[in-house]
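Student: dropping a prediction and its sequence here:
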Amino acid sequence: MAIINENFLKLQAGYLFPEIGRRRRDFEAKNPRVKVISLGIGDVTQPLAAAVVEAMKKAVGEMGRIDTFRGYDDGGVGYEFLRKAIIENDFESRGVRVEPDEVFVSDGGKCDTGNIQEIFGRDNIIAVTDPVYPVYVDSNVMAGRTGAADKKGRYERIVYMPCTAENDFVPELPREPVDIIYLCFPNNPTGAVASKEILAKWVDFARDNKAIILFDAAYEAFISDADIPHSIYEIDGAKEAAIEFRSFSKTAGFTGVRCAFTVVPKQLKAHTKDGRAVEVNPLWHRRHGTKFTGASYISQAGAAAVYTSEGKKQCRQIIEIYMNNAALICESLGKLGYKVYGGVNAPYVWMKTPDGLGSWDFFDRLLQKANVVGTPGAGFGPAGEGYFRLTAFAKPDDVKEAMERFAAV
Ligand SMILES: *Cc1c(COP(=O)(O)O)cnc(C)c1O
């Protein structure tokens, strides 16, 4: 008899995006002539940068000739040309030293943030922000690190750190013991960022408690304020406290191409139950080499082109399109009297629902009156109730029209 992993039965139905889709389809069936605009899903809309397309075309050509064909990438950790470009451009340029064998190229930040928990013991107490990117929670539920969920969808044995307007959407340090802390800045869904001082506080906390921070920097390219750190390693001592996740998905429009990377510093140590310190880097290397074979040569060649001078310029122009959208959303909603957060260093605008409406009630009102779809904050966790997420990853004309329609709400 095959027994299933019963932890999967604890998972709360991933109902957010299916439910949004269902309500939208219902509305469209009843109102066939109305054009609904979506500022809902966190996926890019602009085409790839020309430099990336050219580099991938060239890579395809190489794969079609006997003298330049490539098979498995050696060890699956990423081609040296890409890891070198990553180190020079993302880290050395910001005064951070990262070694090539600390960088693990993969096909996604979602899989890396979901898989990393495998190298840590089952008894660790996980801390997450509320609202949260669901991958951090669900991957730990699947691994059996939690109990059952309560009525609000909070799992037993997870420490939730509420992020609301009262704390500027930056969590307080936990009062109870925690071992693994997931942080995401710039944040999805709130668009909040963490200053150097805030990250330093977390790094100190992790070091004092022998905890590890899992830092998701998928949106670092959207930072516009010069004093906001792009990498947690800009903080002294962070290489002894944190793993960092990056992705080309949002920074270079790679959601359909697939390329990302994770930095696991060689200084970073976790402990055996009897207190012996163990380096984390070789464990992730082993996990990666055993269960992953590498991102395709073609996507890695495309990713390397993001760091060429043409690629940088073109990717920056694409990000500016999204950030102009974000600025228009913030400005328009501000004028209409809404309280809006984020949207300055992140492609997400997090708004307070008006009139004390619940997130889903506002979703329905916006769909009915403005024919605009967004994402109910409650879908990211109980502390997201009463908030609503709008994404800047839409076509500028759609954003403009959506903002005009907001006036009717
Ligand atoms: C989009 C996103 C990622 C990147 O996911 P990929 O698998 O690389 O496409 C990572 N973290 C967060 C919070 C995201 O929103």
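Tutor: Okay, I see it. Numbers count the residues shown, from 1 in each chain.
Student: which of the helices or strands spans residue 350?
Tutor: Residue 350 is part of strand 348-352 when elements are defined by DSSP states H and E.
Student: how far does that strand sit from its chain's centre?
Tutor: Mean C-alpha position of strand 348-352 versus that of the full chain (C-alpha atoms, centre = their mean, to the nearest Å) differs by 16 Å.
Student: which parts of that strand are buried?
Tutor: Under the neighbour-count criterion of 16 or more other C-beta atoms under 10 Å, strand 348-352 has 348-352 buried. Using the backbone N, CA and C atoms, a C-beta is placed for each residue, glycine as well.
Student: which neighbouring elements make contact with that strand?
Tutor: If you count contacts as 3 or more C-beta pairs under 8 Å, 6 or more residues apart in numbering; DSSP states H and E, strand 348-352 packs onto helix 309-335, strand 340-342, strand 387-391.
Student: out of the ones you listed, flag the one nearest the ligand.
Tutor: strand 387-391 (10.1 Å; C-beta to the nearest ligand atom).
Student: mind listing what's buried in the helix or strand following the closest one?
Tutor: Counting by DSSP H and E, the next helix or strand C-terminal to strand 387-391 is helix 396-406. Buried positions in helix 396-406, judged by neighbour count with 16+ other C-beta under 10 Å: 398-399, 401-403, 406.
Student: these: which two are farthest apart?
Tutor: The span of those, defined through C-beta to C-beta, is set by 398 and 406 at 12.6 Å.
Student: domain-wise, how is the chain divided?
Tutor: Domain ranges of the chain: 11-47+310-408, 53-308, per automatic domain parsing.
Student: now these in a markdown table, with distance to the ligand and mean pLDDT?
Tutor: Below are these laid out as a markdown table (distance: least, C-beta to the nearest ligand atom, whole Å; pLDDT from 0 to 100):
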| stretch | distance to the ligand | mean pLDDT |
| --- | --- | --- |
| domain 11-47+310-408 | 5 | 96 |
| domain 53-308 | 3 | 97 |
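Student: residues making contact with the strand or helix carrying residue 82?
Tutor: Per DSSP H and E, residue 82 falls inside helix 80-86. Here helix 80-86 makes contact (C-beta atoms under 8 Å, 6 or more residues apart in numbering) with 77, 98, 100, 103, 105, 246, 261, 300, 303-304, 307.
Student: if we can go back for a sec, out of the helices and strands packed on strand 348-352, deepest packed?
Tutor: strand 387-391 (a mean of 28; mean count of other C-beta atoms under 10 Å).
Student: returning to that earlier point: the helix holding residue 82: what's the following helix or strand?
Tutor: Next in line after helix 80-86, if elements are assigned by DSSP H and E, sits strand 103-106.
Student: quick one: residues contacting the nearest residue to residue 139 once chain neighbours are set aside.
Tutor: In this structure, residue 139 finds its nearest non-sequential neighbour in residue 114, 4.0 Å apart by C-beta to C-beta, 6 or more residues apart in numbering. Residue 114 makes contacts with 135-136, 138-139, as judged by C-beta under 8 Å, 6+ apart.
Student: who wins for neighbours among the residues you listed?
Tutor: Each of those was scored for neighbours by other C-beta atoms under 10 Å, and residue 136 scores highest at 24 neighbours.
Student: from memory residue 39 sits against residue 400, does it?
Tutor: No: using C-beta atoms under 8 Å, residue 39 makes no contact with residue 400, being 11.6 Å away.
Student: ok, the residue lying closest to residue 327 once chain neighbours are set aside - contacts?
Tutor: In space, and not counting its chain neighbours, residue 327 is closest to residue 343: 7.0 Å by C-beta to C-beta, 6+ apart. By C-beta under 8 Å, 6+ apart, the residues touching residue 343 are 191, 326-327, 329-330, 349-350, 392.
Student: if we use 7 Å, what do you get?
Tutor: By C-beta atoms under 7 Å, 6 or more residues apart in numbering, the contact list for residue 343 reads 191, 326-327, 329-330, 349, 392.
Student: I'd like those as CSV, with distance to residue 169 appended.
Tutor: Output for the contacts of residue 343, formatted as CSV (distance: C-beta to C-beta, whole Å):
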residue, distance to residue 169
191, 8
326, 16
327, 19
329, 17
330, 15
349, 12
392, 17
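Student: what ranges do the helices span in the protein?
Tutor: 16-30, 50-63, 80-86, 109-115, 134-142, 196-209, 248-251, 281-291, 297-305, 309-335, 359-370, 396-406 (DSSP state H).
Student: quick one: the fourth one to chain centroid distance?
Tutor: The chain centroid and the centroid of helix 109-115 are separated by 10 Å, computed with C-alpha atoms, centre = their mean.
Student: over to the third one?
Tutor: Taking C-alpha atoms, centre = their mean, one finds the center of helix 80-86 at 22 Å from the center of the full chain.
Student: buried sites along that helix?
Tutor: Using 16+ other C-beta under 10 Å as the test for burial, helix 80-86 gives 82-83, 85-86.
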